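J.: Below are the sequence and a predicted model; questions follow.
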Amino acid sequence: MTRVFAAIFFIFTIGLGAAQAQEDQGVWVQVEARPTLFEAQERAQAYGDLLPDVNGFRLNSGWYAIVIGPYLRADAEQVLRVYRAEGQIPGDSFIALSNQLGQQFWPVGANVLDRGVISTPVEPAVEPNQQLGLSVQSSDETRAEALQGERLLSAQERRDLQTALKAGGYYASTIDGAFGAGTRRSMAEWQRFNGFEATGVLTTLQRKTLMGEFNAPLISVGMARHSDAQAGMSLDLPLGVLAFDRYEAPFAHFKASSDLDAQALLISQEGNRATLQALYEVMQSLEIIPLNGPRELRNNRFTIEGRGNGIVSYTQAQLEDGKIKGFTLVWPEGDDARRTRVLAAMTNSYATTDAVLDAAAGADADQRIDLVSGLQIRKPRVSRSGFFADTSGIVLTVAEAADSCARITLDGDQQLQVAWSDAELGIAVLRPSQTLAPINVAEFSPVTPRIQSEIAASGFSYEGALGAPTLTFGQVADIRGLNGESGVKRLTMSTQPGDAGGPVFDDNGHVVGMLLPTPTEGRALPASVSLAASVDSLNAVLEKAGVAGQAGQSETRITPNELSRRANGMTVLVHCWD
């Protein structure tokens with residue numbers, strides 16, 4: 001028992017010694033904190049014009065603190081009492097420790113953290129709080145006084161303290177507002193870590209310091225209540241970094257108002273389950289909703305999380321009484337701790353009314369085909385043509401359409417997987433995730449086309465802007481490539497980058513090749529020169545992927561209308577997404 005007591009006493013002595021060492025280095029009177037460096041510099045200058053020993057430091061929360069000192073703790077408490085009583089500093093100023101301060105920003109070029117304490121600028125005998133009848137809560141309340149103040153806390157305030165302790169890693173039990181042995185231990189641990197006497201009961205100033213630390217992420221972004229009568233909802237929003245921009249149904253747009261590149265939408269529209277599902281699909285096509293992340297659609301609600309391309313987004317919407325309401329938060333990657341707190345505050349505070357945003361709101365905004373209600377539609381990294389090579393929906397395309405893609409889709413919807421790719425030939429075989437039923441399938445010509453014979457290529461020349469493939473006509477210039485290589489044909493035909501991967505037809509409607517990207521290699525070819533992979537090359541790659549191409553049988557020339565019908569039923573648009 002004696003050894004146990006000695007060990008406990010030793011640990012307690014070490015804790016007190018660490019706290020005393022911090023105080024010997026000096027403590028500070030923190031008078032303000034500002035979210036931006038510019039604001040903090042202005043306030044530090046204002047205080048410096050009136051008071052001595054004013055300094056500015058960056059806090060771990062990202063805010064910027066204006067402090068006075070450093071003084072011995074007794075002197076700091078005297079400065080705190082006098083300056084507050086005289087109205088020279090705010091009434092909520094408090095004692096701060098050096099370990100809470102980061103890099104100094106004021107005065108410019110100064111570094112006073114390690115210089116030691118300085119003499120107090122006020123007379124010790126002055127007790128203005130007594131002369132003026134002011135009641136100022138000292139930071140060194142007795143345990144009995146701290147317990148008395150604790151009894152005045154509401155149930156929610158008690159739960160908030162537990163939540164703050166849990167967020168800091170001190171508490172791991174239930175948030176119930178009951179200050180049992182576990183809560184007392186966590187309070188003592190917090191006190192010990194922050195250089196206070198570990199009594200297990202927080203004083204008034206300690207409670208304020210704890211909640212200040214906990215709420216710093218929300219304070220740093222200016223969380224405040226926002227009510228929107230037109231959209232019919234209210235919730236807490238980070239209005240320190242966001243500002244209302246415009247209505248463009250079904251959204252109320254909030255844009256970034258600081259260097260933190262955040263964004264938010266309020267969603268409000270009339271609708272039914274079909275409308276909700278359509279909104280769910282549309283949201284996932286937007287640039288602000290990255291592809292990676294969980295998403296869920298149920299009967300009357302959906303949630304979408306997205307992470308990638310430097311942002312993290314969360315969207316929720318719910319259908320109730322013929323109205324769809326919700327919101328989207330877009331936040332930069334790498335700031336997850338603050339984003340999580342902001343999102344939780346938005347979700348917990350979210351409330352709706354009967355009003356719904358007018359469907360005509362924002363109807364006079366600029367119209368663009370790549371925008372949905374003022375939001376940019378996500379664009380693929382590469383869009384190329386392809387064509388069906390068998391009845392299950394296997395697609396032949398160029399290798400660049402399947403190179404290092406996070407996702408490959410057919411016409412922006414059906415997902416595809418790479419079954420085989422030959423970088424040397426520049427050909428890829430793609431397999432759909434679900435079996436498809438193509439209208440038409442390629443019939444490969446059994447004979448090599450003759451030089452100067454007429455051909456036509458089908459492709460999405462403008463990468464899907466026209467909604468359907470176009471036919472480009474030309475001739476076979478050579479049955480070999482530019483350097484005489486076999487497996488490639490040279491065509492006399494002017495094509496666009498989006499045409500690459502499209503089928504090349506002869507006048508019988510048979511496929512005699514696949515358009516390849518125009519090689520650059522540091523030189524510019526004439527606009528009329530195009531290249532195509534031969535049927536032999538296509539069949540060889542299909543065989544490696546375990547697919548057998550279908551040989552053409554008829555030798556009858558077809559009409560231009562029939563060729564167009566076959567091309568439209570066979571040619572597809574392949575998207576490669578990051």
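T.: Sure, I can see it. Residues are numbered from 1 along each chain as shown.
J.: Okay, now the unreliable bits of the stretch 251-400 of the chain?
T.: 367-371 (pLDDT under 70).
J.: For Ala146, which three-state class applies?
T.: With DSSP: H, G, I helix; E, B strand; the rest coil as the basis, Ala146 sits in helix.
J.: no wait, Ala33
T.: Applying three-state DSSP: Ala33 is strand.
J.: Tell me if I'm right that it and Tyr64 touch.
T.: Yes - taking Cβ atoms under 8 Å as the definition, Ala33 is a contact partner of Tyr64 at 6.6 Å. Any C-beta I mention is one placed from the backbone N, CA and C, and that applies to glycine too.
J.: Neighbour count for those two, which is higher?
T.: The neighbour comparison of Ala33 against Tyr64 (other Cβ atoms under 10 Å) goes to Tyr64, with 26 against 22.
J.: any idea where the helices of the stretch 101-250 of the chain begin and end?
T.: For the stretch 101-250 of the chain, the helices defined by DSSP state H, counting those that start in this stretch occupy 128-131, 143-151, 155-167, 181-193, 204-220.
J.: nearest to Gly464, of the ones you listed?
T.: Evaluated with Cβ to Cβ, these place helix 204-220 nearest to Gly464, the distance being 42.3 Å.
J.: Quick check: buried residues in the closest one?
T.: Using 16 or more other Cβ atoms under 10 Å as the test for burial, helix 204-220 gives 204-207, 209-220.
J.: can you redo the helices of the stretch 101-250 of the chain as a markdown table with distance to Asn299?
T.: A markdown table is the format used below for these (distance: least, Cβ to Cβ, whole Å):
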| stretch | distance to Asn299 |
| --- | --- |
| helix 128-131 | 62 |
| helix 143-151 | 46 |
| helix 155-167 | 33 |
| helix 181-193 | 41 |
| helix 204-220 | 33 |
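J.: of all those helices, which lies closest to Thr472?
T.: Across the helices of the stretch 101-250 of the chain, closest to Thr472 is helix 204-220 (Cβ to Cβ), at 57.0 Å.
J.: quick one: contacts of that closest one?
T.: Helix 204-220 is contacted by residues 33, 35, 59, 61-63, 92, 94-95, 137-139, 141, 146, 149, 160-161, 163-165, 167-168, 190-191, 194, 196, 202, 238, 240, 337-338, 341-342, 345 when judged by Cβ atoms under 8 Å, 6 or more residues apart in numbering.
J.: Using ChimeraX, make a named selection holding only the buried ones among those.
T.: Written as a ChimeraX command, the selection of buried residues from the contacts of helix 204-220, which uses 16+ other Cβ under 10 Å, is:
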select :33,35,59,61,62,63,94,95,139,141,146,149,160,161,164,165,167,168,190,191,194,196,202,238,240,338,341,342,345
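J.: all helices for the stretch 401-550 of the chain, in order.
T.: 535-544.
J.: Next, the closest residue to Ala252 other than its chain neighbours: secondary structure please.
T.: Excluding the flanking residues, the one nearest Ala252 by Cβ to Cβ, 6 or more residues apart in numbering is Leu266, at 4.0 Å. For Leu266, the assignment made with three-state DSSP gives strand.
J.: do you know how far Leu266 is from Leu97?
T.: According to Cβ to Cβ, to the nearest Å, Leu266 and Leu97 sit 41 Å apart.
J.: Please apply the same query to Val67.
T.: For Val67 relative to Leu97 (Cβ to Cβ), the value is 10 Å.
J.: what stretches of the chain score poorly on pLDDT?
T.: Ranges of the chain meeting pLDDT under 70: 1-25, 123-140, 367-371, 412, 520-523.
J.: right, and Ser313 touches Val330 too?
T.: Yes - using Cβ under 8 Å, Ser313 makes contact with Val330 at a distance of 4.6 Å.
J.: Give me the common contacts of those two.
T.: Applying Cβ under 8 Å, 6+ apart, one finds that Ser313 and Val330 are jointly contacted by Ile288.
J.: tell me the contacts of the nearest residue to Phe193 once chain neighbours are set aside?
T.: Of all residues not flanking Phe193 in the chain, Tyr170 sits nearest, at 7.8 Å (Cβ to Cβ, 6+ apart). For Tyr170, the contacting residues are 186-187, 189-190, 193, by Cβ under 8 Å, 6+ apart.
J.: and the residue nearest to Ala252, what is it in contact with?
T.: 228, 231, 233, 251-252, 254, 326-327.
J.: Give me the distance between it and Asp259.
T.: For Leu266, the distance to Asp259 - Cβ to Cβ - is 23 Å.
J.: what are the bridge partners for His253, then?
T.: Going by DSSP bridges, His253 is paired in beta bridges with Arg246, Leu265.
J.: Nice, that's everything, thank you.
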